[in-house]
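S.K.: how would this look folded up:
(one chain, ligands or ions: 3)
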Amino acid sequence: MWGAPASRSPKTIMLLGSGELGKEVVIEAQRLGVRTIAVDRYEHAPAMGVAHEAHVIDMLDPEALKSLILQVKPDLIVPEVEAIATQVLVELESEGFTVIPTATAARLTMDREGIRRLAAEKLGLPTAGYRFADSLEELKSAAEELGFPCVIKPLMSSSGKGQSVCRSQEDVQVCWRMAMEGGRAKNTRVIVESFVPFTSEITMLTVRSVSGTVFCPPVGHIQRDGDYVESWQPHFMSEEQLREAQDIARKITDALGGYGLFGVELFITPDGVVFSEVSPRPHDTGMVTMVTQDLSEFALHVRAILGFPIPSVELLTPGASATLKGGEGREGENFRIAGIGEALSLPRTQVRIFGKPLCKPGRRMAVALSAAEDVETARSRAKEAANLLKVVWFN
Ligand SMILES: Nc1ncnc2c1ncn2[C@@H]1O[C@H](COP(=O)(O)OP(=O)(O)OP(=O)(O)O)[C@@H](O)[C@H]1O
Ligand SMILES: NCC(=O)N[C@@H]1O[C@H](COP(=O)([O-])[O-])[C@@H](O)[C@H]1O
Ligand SMILES: [Mg+2]
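M.R.: Ligands and ions are numbered 1, 2, ... in the order given. The predicted model follows:
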């Protein structure tokens, strides 16, 4: 029960991070008459264009974050990225603010060490072998212990930034430098993981709500340079693999607690399902659910965090997504996105143009979404549509 967004008694959610995923969360919240406040580190972020109010702050600055939250006093604080001064969320939660799904979940998933130690050491979930290193020397011996190939990542980064596969001792120095340059915070600690020779990888979208835990059908995906380029739903798995995947997803989301949608990333190997990481929020690979499910991952997140029931999730059709990213060699604001009409001429196809003001190499700018009678057709349609979208530069 709440008043209109501009009234004196609205329900207010504040998104910390305002990218393409937050934009869809805002749209779903608005459908339920909620007042939305978008926050990010730069102006004109995608969700800011659809929210009632926008603020630009450095979300890693505890003072700036705390003073904005105390000024706005949102009913729900909804993290949309990892890179947030999460100690402020923990403090404000103890003073009565509600953080989605919980401040501890935001804190643990903010860096790879927190969530990996919880999953592997506390919950005993199967993960890749791992070590942490604070210097090039430590990294050299950690990589030697784990063996090659191994994967080196900054502790705080996403969408593959600063991540690389290390194939021999000669590569370690280059990988260390990549991690130092690609991480979000000024932190020199890295994780090194043994390389998991998976046959496929999936996201188990898991919703915790007043109705209990519900799993969406598995989303399969392909990543290039640590970032997703294609996803599809449903991904075929044996009954045993599905059971293992749901079992891992339930354990990790129960441990994090709270209400909301989680993206549990899993590797499928011949020897079983391996936990990789979890986002306590909608997942990029889950954008496909905007064409496949009766309730998209964004609609599910909003329902769950507002305390509404989710009795079931229905897969209406197989579908797929494919991304458009900025190409190599140019960065700037003087671009247009062309080919939208051509992409939309394909059957059962939609696009989402995020509206990011700056295009840079590798930055995700749009996504094509296609439904079809089977996953293979949907995948080739979505890829064709994404290939028709182009970043065109002028001046
Ligand atoms: N130990 C590993 N073995 C094999 N492949 C890996 C390993 N770790 C990561 N990868 C590959 O790199 C991808 C990205 O890794 P990860 O999810 O850890 O990065 P991220 O920066 O958190 O990405 P995102 O924010 O998009 O989830 C994985 O989906 C997988 O394809
Ligand atoms: N894998 C996490 C992910 O996809 N997050 C999404 O990307 C945005 C950042 O994009 P940007 O780096 O282009 O600003 C985030 O705000 C979120 O919507
Ligand atoms: Mg990931």
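S.K.: so which residue of this protein comes closest to ligand 2?
M.R.: Residue nearest to ligand 2 within the chain (C-beta to the nearest ligand atom): G19, separated by 2.2 Å. All C-beta atoms are positioned from the backbone trio N, CA, C, and that covers glycine.
S.K.: quick check: nearest residue in space to that residue, chain neighbours excluded?
M.R.: P46 (5.6 Å; C-beta to C-beta, 6 or more residues apart in numbering).
S.K.: wait, that neighbour touches V25, no?
M.R.: No - applying C-beta atoms under 8 Å as the test, P46 and V25 come out as separate, 10.7 Å apart.
S.K.: looking at those two, which is more packed in?
M.R.: More neighbours surround V25 than the other of P46 and V25, with 30 against 23 (other C-beta atoms under 10 Å).
S.K.: can you tell me what sits against the helix or strand bottoming out on mean pLDDT in the chain?
M.R.: Taking mean pLDDT, DSSP states H and E as the measure, the chain has helix 172-182 as its least confident helix or strand, at a mean of 94. Identification of contacts with helix 172-182 by C-beta atoms under 8 Å, 6 or more residues apart in numbering yields 136, 139-140, 143, 152-154, 157, 161-164, 166, 188, 190.
S.K.: and if you look at stretch 1-19?
M.R.: 22, 25-26, 29-30, 33-40, 45-48, 51-52, 54, 59, 65, 69, 72-81, 83-84, 305-306, 354, 356.
S.K.: just the mean pLDDT for that stretch, thanks.
M.R.: For stretch 1-19, mean pLDDT rounds to 97.
S.K.: who touches G226 in this structure?
M.R.: G226 makes contact with 153, 159-161, 163 under the criterion C-beta under 8 Å, 6+ apart.
S.K.: one more pass at 6 Å, please.
M.R.: Contact analysis of G226 by C-beta atoms under 6 Å, 6 or more residues apart in numbering lists 160, 163.
S.K.: at the geometric centre of the protein, which residue sits there?
M.R.: H283 (3.7 Å; C-alpha atoms, centre = their mean).
S.K.: so what's that residue up against?
M.R.: By C-beta under 6 Å, 6+ apart, the residues touching H283 are 203, 263.
S.K.: let's go with 8 Å and repeat that
M.R.: Counting by C-beta under 8 Å, 6+ apart, H283 touches 21, 203, 205, 219, 263, 265, 297.
S.K.: what about it, distance to H52?
M.R.: According to C-beta to C-beta, to the nearest Å, H283 and H52 sit 25 Å apart.
S.K.: over to L123?
M.R.: 39 Å.
S.K.: for L70, same thing?
M.R.: For L70, the distance to H52 - C-beta to C-beta - is 19 Å.
S.K.: again with P282
M.R.: Here the distance between P282 and H52 works out to 20 Å (C-beta to C-beta).
S.K.: find the residue closest to S209 in space, skipping its chain neighbours.
M.R.: Leaving aside its chain neighbours, S209 sits nearest to A304 (3.9 Å; criterion: C-beta to C-beta, 6+ apart).
S.K.: I meant to write H235 there.
M.R.: Going by C-beta to C-beta, 6+ apart, H235 has G220 as its nearest residue, at 3.1 Å.
S.K.: what's the answer for L295, then?
M.R.: V313 (6.0 Å).
S.K.: that neighbour against Q293, yeah?
M.R.: Yes - under the criterion of C-beta under 8 Å, V313 makes contact with Q293 at 6.0 Å.
S.K.: what about the strands in the stretch 1-150 of the chain?
M.R.: Applying DSSP state E, counting those that start in this stretch to the stretch 1-150 of the chain gives strands spanning 12-16, 35-40, 53-56, 76-79, 98-99, 130-133, 150-154.
S.K.: would you format those as TSV with distance to ligand 2 and mean neighbour count included?
M.R.: Formatted as TSV, these follow (distance: least, C-beta to the nearest ligand atom, whole Å; neighbours: other C-beta atoms under 10 Å):
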stretch	distance to ligand 2	mean neighbour count
strand 12-16	9	26
strand 35-40	7	26
strand 53-56	13	17
strand 76-79	10	26
strand 98-99	17	22
strand 130-133	20	18
strand 150-154	13	24
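S.K.: and those as a markdown table, adding distance to E376?
M.R.: Conversion of the strands of the stretch 1-150 of the chain to a markdown table gives the following (distance: least, C-beta to C-beta, whole Å):
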| stretch | distance to E376 |
| --- | --- |
| strand 12-16 | 36 |
| strand 35-40 | 37 |
| strand 53-56 | 41 |
| strand 76-79 | 36 |
| strand 98-99 | 41 |
| strand 130-133 | 35 |
| strand 150-154 | 29 |
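S.K.: which among these is found nearest to ligand 1?
M.R.: strand 150-154 (4.3 Å).
S.K.: could you give the mean pLDDT of that closest one?
M.R.: Rounded mean pLDDT across strand 150-154 is 96.
S.K.: residues in contact with it: which ones?
M.R.: 112, 128, 139, 143, 161-166, 172, 175-176, 178-180, 182-184, 187, 190-195, 226.
S.K.: now narrow the contacts of helix 172-182 to whatever sits close to ligand 1.
M.R.: Restricting the contacts of helix 172-182 to those touching ligand 1 (C-beta under 6 Å from any ligand atom) yields 153, 157, 163.
S.K.: which ones are touching the second one?
M.R.: Looking back up the chat, that one is S157. 163, 182-184.
S.K.: please pick the buried ones from those.
M.R.: Buried members of those, scored by 16 or more other C-beta atoms under 10 Å, are 163, 182-184.
S.K.: hmm, which of those residues is lowest in pLDDT?
M.R.: Per-residue pLDDT puts R184 lowest of these, at 71.
S.K.: before we move on, back to that, more neighbours: which of L70 and H52?
M.R.: Between L70 and H52, H52 has the larger neighbour count (other C-beta under 10 Å), namely 16 against 12.
S.K.: my guess is that one meets R35, correct?
M.R.: Yes - in this structure H52 lies within contact range of R35 using C-beta under 8 Å: 5.3 Å.
S.K.: phi and psi next, for the closest residue to ligand 1 within the stretch 101-250 of the chain.
M.R.: Proximity of the stretch 101-250 of the chain to ligand 1 (C-beta to the nearest ligand atom) peaks at S158, 3.2 Å away. Per-residue torsions, S158: phi -150, psi 170 (degrees, to the nearest 10).
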